[in-house]
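**Q** Sharing a model prediction with you, sequence too.
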Amino acid sequence: MRQAFRQLEVLRYDPDTDSAPHFQTYEVPCQDDWVVLDAINYVKENLDRTLSYRWSCHMAVCGSCGLVVNGESVLACHAFLRDYPEKIRVEPLGNFPIERDLVVMIDDFVEKLRTVKPYIVSKKERAIEFGETLQSPEKLAAYKQYADCINCLLCYSACPQYGLNDNFVGPAALALAHRYNLDSRDVGRSARADVVASNPGIWECSFVGACSEVCPKNVDPAASIQQMKIAITADYFMRLLMPWRKP
Amino acid sequence: METITSDVAIVGAGGAGLRAAIALAESNPGLRIALISKVYPMRSHTVAAEGGAAGVIKDNDSFDNHFNDTVAGGDWLCDQDAVELFTHEAPKELTRIEHWGCPWSRQADGHVAVRSFGGMKVERTWYAADKTGFHLLHTLFQTSLKYPAIERYDEYFCTDIVAVNGACQGVVALEMRTGQLRFFRAKAIIIATGGAGRIFPFTTNGAVKTGDGMAMAYRVGVPLKDMEFVQYHPTGLPGTGILITEASRGEGGILVNRDGYRYLQDYDLGPPDPWPRKKAMELGPRDRLSQAFWHEQQQGRTIKTVDGEVVHLDLRHLGEAKINERLPMVRELSRSYVRVDPVDAPIPVRPVVHYTMGGIDTDTNGATRIGGLFAAGECACVSINGANRLGSNSLTELLVFGARAARSAADYVAGGASAVSDGLLMEQVEAAENRVLTLFRKTNGNEDIVGLRRELTATMEAGAGIYRSEDSLRESCEKLQEIRQRYSSIELRDKSNVFNTDLTEVLELKSMIDVASALAVSAYHRTESRGSHQRLDYTERDDKKFLRHSLATYSAQGEPHIDYRDVVITRSQPGERAYGGNQD
C-alpha cells in the first residue's frame, strides 16, 4: 500500500475558548485507499485528541460525517483521497451554526422534518389482521428514490436559498414530504400542503439544483420540489376550473 | 444537577428504542416518554443492516419451520418459549411496519416479496432492496415524529443507571452540547443500545457500538448472558470491514477459494449443486461459514491481500440487471471501497465480527432482575439467538421485543413503582456525577486512550476469535485485568465542555472493558464447542454440562462470577445441525 503525507487544514472552533473559528494544519501519513474520514480519525488517534467531529458507520449510510471538503459538501467516509490534491481543507457543513470544530447544530432541520409530517397519513388505520397493504412494484418505484434520503444534510449545506433564508424548509425535508405524497398508502398530501406549499416551502426554491448535485444517494431533491410545484399549480387550476372536485 | 422527570426513559434510539417509544405512546398517550441517545436516531447502527427481516407470511411456510430453523441455527441454546412467541409475533410486527410506510420490495402482484437467507428452510426474509435496516430505522424514526409524548434527547450520553433497593429510578446522562450532567428520573428504563462489536478490531459495527447499555446494566447487577457467543459474518470487505449482505448469497452468489473451488462442500455443507438451494453451501449458517474460512486459511487456500486473507464472493452470474435491482448497495460499496464491480469481477471478502448473541439477561417481556429495568434488541439476550443467530432474525427481534419491553414497562409504571427517599436516590446520582468529574479533572495520567483501546481489541481478536482455547482465553482475561487497572490512569487531553469526544471515548472504553471481560471469562469457562463458540481444546458440544446459558455477574474487584441456567426446551430436543446433503 502506498503511503503519502497529506496536509489537512481543519477548521477549529471551541465556543468556550475561541472568539472565532480558525484553521489548524496537520501533516497526515495517508494510505492511498483512504477516505477523508480515515485521515481525520488518524488526527484524532495520533495527533490531536481535542478535535471534535461526528462519524459512525464508515459506509455512507448513517449520514453522520457530512463535511465541506475543498469547498464541496461530501460524506467524509465516501470522499476518497485519491480524488483530492495533496492539500485538503476540511470544514463543517455550511448554513448551520457551528457547535464545535466540525460539529454543527442541526436542530433547525430536525424541527422542519417534523413539520412536513414525514409519515403515512391514512383515512383509518388498517388493522394488522387485514395483513399487508398491496403495493405494486410500479407504485413502489413512484416514491422509492425519495425514500433513500439518509438525512446527511449535504443538500442544506449546498443550498444557496437555505443560506439566504433559514425559514426555507429545505431540500431533504421537502423530498421526504414528496416521498409520502407519492406513496399509494398515503392520503396526507393536503395535510402537508400547509408547510410544503407555503412561501418558505417549495416556492422559496430557486431551482439552482445544488442539492441534487451533492446528494450521495441520488435522491434528487430538486426534482421532488419541481414536481410538487407542478402538482400544486395543477391543484390550483383544478380548483379554479372544477371547484366541486377535491384535489 | 438538573432533573428531568418522565414515566419511562429509553436509552438508545435505534430500531428497538424507537419501536419501544412508539409502543409506549400508543399504549397510553398520557405517558411521558424520554428517548435518550448518544446520536441522532437516524445515525443508529440499525441503519447499516442490509439483507432483511424474517417473518412467516407465505403459504409454503409455517411457524414450525421458522422455529426449527432458529433453534437448530442457534445450536439448541435458544429458549424455545421465546422463539415460539417470536415467530408468531414476527409477521404482525413486519406488517405493522408495512402500514407505517416501510418500502418493502414487492412481488408483481403487490404482495411483499421474500428472499432466501442462511440456515432458513424456506424463503421468509422480507427486504427493502439491500437497505432494509436503513428503511426500517427511518420508517420508525419518521413515524415516531407523530407522537408528541415522545420527547427526544439527542446526543445525550448515558453514563449510569440509578437503581435503589433493587428498583430502577433513572439514568444519568451527559448533554454533549453543554457538557452538563442530567438526571433522567423515571419509573422504568428500557435499555436499547445495541451490540458491542467495537471491542474487536475488525467489525462491521459502527463507531457507536461500544456496548454502553450492556455495561451499565451489568454494573448495577444484571448478569450478561451468553456473552461468549459472537457472530462473525462470513463476508466483510477487507480493510474496512464493511458488510456485504448475506442476501448476495441468497440471490445466488457463491464463495470460492484461491483455486476457484467452492470450498464449503468440504465442510458438511455440500454437495454444491443444484444451486441455489436452501440450508446448503453458501446458504449455511454464518458460524459454519466463518469457521470454514478459518480452516481454508490454515491450509493456505485463501488469497493474500494487503488487508489480510480473503476468499472470493462471485456474483457475476447473476447479471447486471439483477444485481442492480436486488443488491444495489453491495455493488456501490464494492465499487467504492475495494474498487471491484461485482458485475465484472468477484468481491474479496473475509469473516468480520458482526453481532453479539449475548447481552443483558431478560425474560420474554424484556424484564431484568431489577424492578423497572428492561432491555430489548441486540443489547439484550432473551434468548432467541442461542449460540448463533440466523441472518434476518435480528431486525425482527428488535421490533418484537422492543414492543414487548415497552408494554411491560407501561404495565410496571401503571402498577405503581416503588417509592424511594430522595436522599438515597441523590446519593447515587452524585456518585455517578463524581465518577465523571474525577475523570474530567484528573491530571498526571500516563495512559493513553487510543493505545489502551488498541490493546483491548487486539487481545479480543487474538484470544476470543473464531477459534479459542484455554491458553488464548486465559491470556485475554489476564490482559483485560491489566487494562482495567491501567484505565484509571487515563488523563483526558480535551477539557472542553462542548461536544467532548475525548471524554465520551474514554467513557466508552470503560463499557468496552466491562463487556469484553464478561465475554472472555464466559468463553474461558465454557469448555465445549457450540455454534459460534469453538474451542480447539474442547471440540464437541457437551449437552450434559452446557445445555445452559452462562450468566456473568459484575464484580468491582476483578473478574465476573459465572453462573449457569438451564435452557428452556419445549418441543425440540437437541440434535445434529444438518445442512447440505445431510438435511432430512
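**A** That came in fine, so what should we check first? Numbering: from 1, shown residues only, chains lettered A, B, ... in the order given.
**Q** Next up, the contacts around residue A:142.
**A** Each residue near residue A:142 by C-beta atoms under 8 Å, 6 or more residues apart in numbering or on different chains is listed here: A:182, A:183, A:184. The way it works is simple: take the backbone N, C-alpha and C, and place the C-beta from them, glycine included.
**Q** So which residues on the stretch 101-250 of chain B come close to chain A?
**A** B:101, B:103-112, B:131, B:134-135, B:138, B:142-143, B:145-146, B:154, B:177, B:206-208, B:239-240, B:242-243 (C-beta under 8 Å from any C-beta of the partner chain).
**Q** and residue B:473, what does it touch?
**A** By C-beta under 8 Å, 6+ apart, the contact set of residue B:473 is B:463, B:464, B:520, B:523, B:524.
**Q** Heading C-terminal from the host helix or strand of it, find the next helix or strand.
**A** Taking DSSP states H and E as the definition, residue B:473 sits inside helix B:470-487. Counting by DSSP H and E, the next helix or strand C-terminal to helix B:470-487 is helix B:501-525.
**Q** how distant is that following helix from the center of its chain?
**A** Distance of helix B:501-525 from its chain centroid, counting by C-alpha atoms, centre = their mean, to the nearest Å, is 15 Å.
**Q** got a pLDDT number for the residue of the stretch 351-500 of chain B found nearest chain A?
**A** Proximity of the stretch 351-500 of chain B to chain A (C-beta to the nearest C-beta) peaks at residue B:493, 3.6 Å away. We have a pLDDT of 96 for residue B:493.
**Q** Ok, residue B:433 next?
**A** Value listed for residue B:433 in the pLDDT field: 97.
**Q** Phi first, then psi, for the nearest residue to it once chain neighbours are set aside.
**A** Ranked by C-beta to C-beta, 6 or more residues apart in numbering or on different chains and with sequence neighbours excluded, the top spatial neighbour of residue B:433 is residue B:181, at 5.4 Å. According to degrees, to the nearest 10, the main-chain angles of residue B:181 amount to phi -90, psi 140.
**Q** Specify the beta-bridge partners of residue B:181.
**A** With DSSP bridges as the criterion, residue B:181 is bridged to residue B:174.
**Q** so who does it touch?
**A** Applying C-beta under 8 Å, 6+ apart, we find residue B:181 in contact with B:1, B:159, B:172, B:173, B:174, B:175, B:432, B:433, B:436.
**Q** now do residue A:153
**A** Going by C-beta under 8 Å, 6+ apart, residue A:153 touches A:63, A:66, A:93, A:96, A:106, A:109, A:172.
**Q** wait, isn't the first one in contact with residue A:151?
**A** Yes. If you go by C-beta atoms under 8 Å, residue A:63 and residue A:151 touch, sitting 5.1 Å apart.
**Q** any shared contact partners between those two?
**A** When contacts are counted by C-beta under 8 Å, 6+ apart, residue A:63 and residue A:151 have residue B:42 as shared neighbours.
**Q** Find the nearest non-adjacent residue to residue B:570, please.
**A** residue B:80 (4.2 Å).
**Q** What's the local residue count around that neighbour?
**A** Other residues near residue B:80 come to 19 when the count uses other C-beta atoms under 10 Å in any protein chain shown.
**Q** Next one: it, what pLDDT does it get?
**A** Residue B:80 carries a pLDDT score of 98 in this model.
**Q** same deal with residue B:128?
**A** At residue B:128, the model reports a pLDDT of 97.
**Q** Could you measure from residue B:250 over to chain A?
**A** In this structure, residue B:250 and chain A are 19 Å apart, going by C-beta to the nearest C-beta, to the nearest Å.
**Q** any idea how far that residue is from residue A:37?
**A** For residue B:250, the distance to residue A:37 equals 30 Å [C-beta to C-beta, to the nearest Å].
**Q** which of those two has more neighbours?
**A** Neighbour tally, residue B:250 and residue A:37, criterion other C-beta under 10 Å: the higher count belongs to residue B:250, 27 against 21.
**Q** Nearest residue to the residue of the stretch 201-350 of chain B found nearest chain A in space, please, no chain neighbours.
**A** Closest contact between the stretch 201-350 of chain B and chain A, by C-beta to the nearest C-beta, is at residue B:206 (3.7 Å). Leaving aside its sequence neighbours, residue B:206 sits nearest to residue A:56 (C-beta to C-beta, 6+ apart; 3.7 Å).
**Q** Distance of the one you found relative to residue A:216?
**A** Distance of residue A:56 to residue A:216, computed by C-beta to C-beta: 15 Å.
**Q** Strands along chain A, start to end?
**A** Here chain A has its strands, by DSSP state E, at A:3-12, A:22-31, A:66-69, A:72-75, A:87-91, A:98-100, A:103-104.
**Q** Ok, the stretch 151-300 of chain B next?
**A** Here the stretch 151-300 of chain B has its strands, by DSSP state E, counting those that start in this stretch, at B:156-164, B:167-175, B:180-191, B:224-225, B:230-236, B:254-256.
**Q** what secondary structure does residue B:30 sit in?
**A** When classified by DSSP: H, G, I helix; E, B strand; the rest coil, residue B:30 comes out as coil.
**Q** which residues touch it?
**A** Going by C-beta under 8 Å, 6+ apart, residue B:30 touches residue B:149.
**Q** helix or strand for residue B:135, which one?
**A** Assigned by DSSP H and E, residue B:135 belongs to helix B:132-144.
**Q** if you average pLDDT over that helix, what comes out?
**A** For helix B:132-144, mean pLDDT is 98.
**Q** Now do it: which elements does it pack against?
**A** Contacts defined by 3 or more C-beta pairs under 8 Å, 6 or more residues apart in numbering or on different chains; DSSP states H and E place helix B:132-144 against helix B:15-27, helix B:80-99, helix B:393-414.
**Q** okay if I get these as JSON lines plus distance to residue A:130?
**A** Listed next are those as JSON lines, based on distance: least, C-beta to C-beta, whole Å:
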{"stretch": "helix B:15-27", "distance to residue A:130": "18"}
{"stretch": "helix B:80-99", "distance to residue A:130": "9"}
{"stretch": "helix B:393-414", "distance to residue A:130": "19"}
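**Q** Point out the most buried one among those helices.
**A** Highest mean neighbour count among the helices and strands packed on helix B:132-144 (mean count of other C-beta atoms under 10 Å in any protein chain shown): helix B:15-27, with a mean of 28.
**Q** right, and the helix or strand after it?
**A** As assigned by DSSP H and E, the chain's next helix or strand after helix B:15-27 is strand B:33-37.
**Q** Provide the strand pairings for that next one, with the direction of each partner.
**A** By DSSP bridges, strand B:33-37 pairs with strand B:2-11 (parallel), strand B:150-154 (parallel).
**Q** most packed of those?
**A** strand B:2-11 (a mean of 22).
**Q** Quick one: mean pLDDT for it?
**A** pLDDT averaged over strand B:2-11 gives 97.
**Q** now swap in stretch A:156-165 and tell me
**A** pLDDT averaged over stretch A:156-165 gives 96.
**Q** Need the distance between the two termini of it.
**A** Taking C-alpha to C-alpha, to the nearest Å, stretch A:156-165 runs 11 Å from one end to the other.
**Q** repeat for stretch A:114-121
**A** End-to-end span of stretch A:114-121 (C-alpha to C-alpha): 13 Å.
**Q** touching chain B at all, that stretch?
**A** Yes. Residues of stretch A:114-121 contacting chain B under C-beta under 8 Å from any C-beta: A:114, A:117, A:118, A:119, A:120.
**Q** between the helix holding residue B:473 and helix B:501-525, how many degrees?
**A** 150 degrees (axes from the mean of the first three to the mean of the last three C-alpha atoms, to 10 degrees).
**Q** quick one, what contacts residue 205?
**A** The chain I'm using is chain A. Shown here is residue A:205, whose contacts under the criterion C-beta under 8 Å, 6+ apart are A:161, A:168, A:171, A:174, A:222, A:225, A:229.
**Q** Sorry, I should have been clearer: chain B.
**A** B:45, B:195, B:196, B:197, B:198, B:353, B:354.
**Q** Now do the nearest residue to residue B:154 once chain neighbours are set aside: how many residues are near it, please.
**A** Nearest residue to residue B:154 in three dimensions, chain neighbours excluded: residue B:40, at 4.9 Å (C-beta to C-beta, 6+ apart). Neighbour count for residue B:40, taken as other C-beta under 10 Å: 20.
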